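Student: curious how this folds, go ahead:
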Amino acid sequence: MTELKNIEQEIGRFRTRVWAAAGFVLFAFGLLVSRLVYLQVYRHDELQTQAEANRIAVVPIVPNRGLIVDRNGVVLANNYSAYTLELTPSKIDDLDATIDELATIVDIAPRDRRRFKRLMEESKSFESLPIRTKLTDEEVARFTAQRFRFPGVDIKARLFRNYPYGELASHVLGYIGRINEAEKEAMDDWPDELLANYRGTDYIGKLGLEQSYESELHGLTGFEEVETSAGGRAVRRLRASPPTPGNTLHLSIDIKLQQLVERLYGERRGALVAIDPRSGEILAFVSKPTFDPNLFVDGIDVDSWKELNESIDKPLLNRALRGTYPPGSTYKPFMALAALATGKRTPNQTVFDPGYFWFGNHKFRDDKEGGHGTVDMYRSIVQSCDTYYYMLANDLGVDLIHDQMAPFGFGQPSGIDIKGEVLGVLPSTEWKRKTYKKPEQRRWYAGETISLGIGQGYNSFTMLQIAQAVSTLANDGVHYQPRLVREVEDVVTRQSRVLSSQALPPVPIKPEHLDVIRNAMIGVNKEGTSAAAFAKADYVAAGKTGTAQVVGIKQNEKYSASKMAEHLRDHALFVAFAPADHPRVALALVVENAGFGAQSAAPIARRVFDYVLQDRYPSEEDIAAVQRGEAPAPIGTPRAAHDVPMMGAINNPELPAAAASTASGVASPAASAASAASGPASVASMPTSAYAAAVAARHAAMRASGGVSSGASGSSPAAPTSSGASR
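Tutor: Numbering: from 1, shown residues only. Next up, the predicted model:
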């Protein structure tokens, strides 16, 4: 039987389906149109910015780091540009294989691989890291021809820091190095504006002035917008904002004087700080031995780091700032001043010195067997009588000694404009209670006070603190925070900002008391322990020698340097200021394990004064003799200091031929000439440069006026000992 279909019903269903499909299509198109309207209208600006970002790359431009120059304009730190071969680990599938392939095109040494591995551990995988630096033009050309084979590998031009004089003044200058993870975490807490200024920067000051004046030296980061292809390659530059170079630091250091002192030390260890007491400016800041800061700029290799870090001489230790020493007999003028201020002694009061001082059942020996006989305050300083100061320390007591010495800066922060200063120890009963844990150790015993009088016992100070104290004494109690940087020059405006030393509260010293101490210290250099070093000097200098024990010796034993290991022998110290009536330079120095201060330390001070006050530079014969400790007074024919050239700047053999100095600005003709030259060696030609002329004119003016040119210019703390320090 045939089934009859309802045609009308079928057509109705079909129409319903057609309308449903049409409605769905219209709805879908409505969604597309609404989405299109949303994207094109409401999010137009945002999406256009994103599109431009995909097409345009904003590249930070790292600024030239600021120059560091000495007080006469000699460039001590500058920059040069060079090509580096860099890898981005996140863009490379097989890193080791890629490096092996690169090694067939560009020389990659094992130390380059080790350094790259270390950088990978300290950095993120998406960061570009150098595998080779300072590429030659030939190496750049070879890689460029093969670049298509190495995705994730590129050549970049980077700035490198350069220290033309190598090890000279390295503890003052410090160095820069790659920003490590700890520093990156610390930078996360910086303000956004400051953090943005370090975008693209890989290096930061790590030590010395490079660290302390990082904000001045870094400069302002620039940027450039470049149009990129789909592969990320730069097609053309659209616009740029140039970076602003870092400012120039003008130091108070006279680098030629600094170099002279470092040469006078030779291979010996020690430290010297010379200060202009009228302003607090530091003329020389020496720590020996030194190190080459250029080693750290590109990442120091393992062997060099091991050699520096494990050396018994500790070349990385800034002895002037962080090395602490017992002051020895150089402490005696300050003890005598304390005696006058407290009324414990008068200048004419005498004591008898039999060569020892008994306290309880302990015998404190004088350095002179048989003693000095009857001595007053003048003779106690000139002849360096230990017994006089054993008795004085016992009469004063530890806390009164502390209160009298603290205003001079002993055991106190000096406020110098460089980080890392160590406080040392100015002992007191309170200090001992806070330092030790066991009850019997926290108690102060009367016998411990005796050795303090001769600068031994718990006394332990830096050369900076001792020099600051001598400067205060020389300047009638007026003193300033010591400074290494005189002024900061803005390289854009060429305006200089003078950084004057802050005046500290004066130390109240009665003029009559100061006269007593000053006359005695003059006597030290005329008829006392350092008379040989200052023989035939054309000026009057005040000084005091000192010899500080490193280890104690038993009461029934005598000190014999020949029987002791070199690093256990006594330290040689000397403090002085000159001219004695109107001091223009004060200094403190130590020659470690060198014995008598009169033999090893005072001769160095004599040459410093000759340089600063009389423009005299010692003969090469004299320098060699001082290094051996064999020339108290100058020998040979001295030279005019302004005629003596600086020893040549280092020609770094690793610098590519095209890497010229890109100095960011200088303030003097000398610095301009040096930075414009083809390399750092240009500074070596100082005698015929504007520098020599400027210095000569300055010294000529000094001689005409009869004055001095203001522009010239560790060991662990020793254990408390009961034996006397030698003179």
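
Student: what's near enough to touch the closest residue to Thr144 other than its chain neighbours?
Tutor: Ranked by CB to CB, 6 or more residues apart in numbering and with sequence neighbours excluded, the top spatial neighbour of Thr144 is Ile155, at 7.0 Å. For every residue, glycine as well, the C-beta is placed using N, CA and C. Ile155 makes contacts with 83-86, 135, 140, 143-144, 147, as judged by CB atoms under 8 Å, 6 or more residues apart in numbering.

Student: switch the cut-off to 7 Å
Tutor: 83, 85, 140, 143 (CB atoms under 7 Å, 6 or more residues apart in numbering).

Student: now the last one: which helix or strand?
Tutor: Per DSSP states H and E: Phe143 is located in helix 137-146.

Student: just the second one next, same as before
Tutor: When elements are assigned from DSSP H and E, Leu85 belongs to strand 75-87.

Student: would you reformat the contacts of Ile155 as a markdown table and include pLDDT and distance to Ala548?
Tutor: Output for the contacts of Ile155, formatted as a markdown table (pLDDT from 0 to 100; distance: CB to CB, whole Å):
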| residue | pLDDT | distance to Ala548 |
| --- | --- | --- |
| Tyr83 | 89 | 52 |
| Leu85 | 90 | 53 |
| Val140 | 89 | 57 |
| Phe143 | 89 | 59 |
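
Student: now the strands: where do they sit in the stretch 551-700 of the chain?
Tutor: Remark: strands assigned in the stretch 551-700 of the chain by DSSP state E, counting those that start in this stretch are 571-578, 585-591, 616-617, 639-640.

Student: report the rounded mean pLDDT for stretch 550-570.
Tutor: Averaging pLDDT along stretch 550-570 gives 64.

Student: show me where pLDDT drops low in the chain?
Tutor: 1-5, 47-56, 123-127, 228-235, 551-566, 649-727 (pLDDT under 70).

Student: just to revisit the earlier point, could you point out which element follows the strand holding Leu85?
Tutor: Taking DSSP H and E, what comes next after strand 75-87 is helix 95-103.

Student: mind listing what's buried in that following helix?
Tutor: Buried residues in helix 95-103, defined by neighbour count with 16 or more other CB atoms under 10 Å: 98-99, 102.

Student: quick revisit: can I get the strands of the stretch 551-700 of the chain in CSV including mean neighbour count and distance to Val478?
Tutor: Formatted as CSV, the strands of the stretch 551-700 of the chain follow (neighbours: other CB atoms under 10 Å; distance: least, CB to CB, whole Å):
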stretch, mean neighbour count, distance to Val478
strand 571-578, 30, 13
strand 585-591, 30, 12
strand 616-617, 20, 29
strand 639-640, 14, 33
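
Student: and the angle for the helix or strand following the helix holding Phe143 with helix 137-146?
Tutor: Heading C-terminal from helix 137-146, the first helix or strand you meet, by DSSP H and E, is strand 153-162. Relative orientation of strand 153-162 and helix 137-146, computed by axes from the mean of the first three to the mean of the last three CA atoms, to 10 degrees: 160 degrees.

Student: list the strands paired with strand 153-162, with their directions.
Tutor: Using DSSP bridges, the strands paired with strand 153-162 in its sheet are strand 75-87 (antiparallel).

Student: CA atoms of the strand it pairs with as PDB?
Tutor: In PDB, the C-alpha atoms belonging to strand 75-87 read as follows (Å, rounded to 0.1, in the frame of the first residue of the first chain):
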ATOM      1  CA  VAL A  75      93.700  59.800  33.000                       C
ATOM      2  CA  LEU A  76      93.500  56.800  35.400                       C
ATOM      3  CA  ALA A  77      90.400  55.100  34.000                       C
ATOM      4  CA  ASN A  78      88.800  55.400  30.600                       C
ATOM      5  CA  ASN A  79      86.900  53.300  28.100                       C
ATOM      6  CA  TYR A  80      87.300  51.700  24.700                       C
ATOM      7  CA  SER A  81      84.900  49.800  22.400                       C
ATOM      8  CA  ALA A  82      85.400  46.400  21.000                       C
ATOM      9  CA  TYR A  83      83.400  43.600  19.300                       C
ATOM     10  CA  THR A  84      82.200  40.600  21.300                       C
ATOM     11  CA  LEU A  85      80.900  37.200  20.100                       C
ATOM     12  CA  GLU A  86      77.700  36.500  22.100                       C
ATOM     13  CA  LEU A  87      75.400  33.600  22.500                       C
END
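
Student: please identify the buried residues of it?
Tutor: 75-80, 82-87.

Student: gap between the longest helix seen in the chain and the chain center?
Tutor: Longest helix in the chain by number of residues (criterion: DSSP state H): helix 7-37. Centre-to-centre, helix 7-37 and its host chain are 81 Å apart (CA atoms, centre = their mean, to the nearest Å).

Student: buried residues of that helix, list them for me.
Tutor: So helix 7-37, judged by 16+ other CB under 10 Å, has zero buried residues.

Student: show the contacting residues for the most centrally placed residue in the chain.
Tutor: The centroid of the chain falls nearest to Gly208 when counting by CA atoms, centre = their mean (2.5 Å). Neighbour list for Gly208: 171-174, 418 [criterion: CB under 7 Å, 6+ apart].

Student: ok, Val498 next?
Tutor: For Val498, the contacting residues are 486-487, by CB under 7 Å, 6+ apart.

Student: tell me what it is bridged to.
Tutor: Glu487.

Student: now it: how far from Glu512?
Tutor: 36 Å (CB to CB, to the nearest Å).

Student: from one end of stretch 339-351 to the other, what's the distance?
Tutor: 14 Å (CA to CA, to the nearest Å).

Student: tell me how far that stretch lies from the chain's centre.
Tutor: Per CA atoms, centre = their mean, the centroid offset for stretch 339-351 relative to its chain is 42 Å.

Student: run a quick neighbour tally on Pro413.
Tutor: 12 (other CB atoms under 10 Å).

Student: that one contacts Val422, correct?
Tutor: No. Taking contacts as CB atoms under 7 Å, Pro413 lies outside contact range of Val422: 9.3 Å.

Student: where do the strands sit along the stretch 301-450 of the chain?
Tutor: Ranges of strands within the stretch 301-450 of the chain are 351-353, 356-359, 362-365, 373-375, based on DSSP E, counting those that start in this stretch.

Student: show me what the last one is packed up against.
Tutor: Spelled out, that is strand 373-375. Packing partners of strand 373-375 (3 or more CB pairs under 7 Å, 6 or more residues apart in numbering; DSSP states H and E): strand 351-353.

Student: what's the spacing between Ala586 and Asn318?
Tutor: 20 Å.

Student: quick check: the closest residue to Pro505 other than its chain neighbours vs Arg639, distance?
Tutor: Nearest in space to Pro505, with sequence neighbours left out and distances taken as CB to CB, 6+ apart, is Pro407 at 7.8 Å. Using CB to CB, one gets 41 Å for the distance from Pro407 to Arg639.
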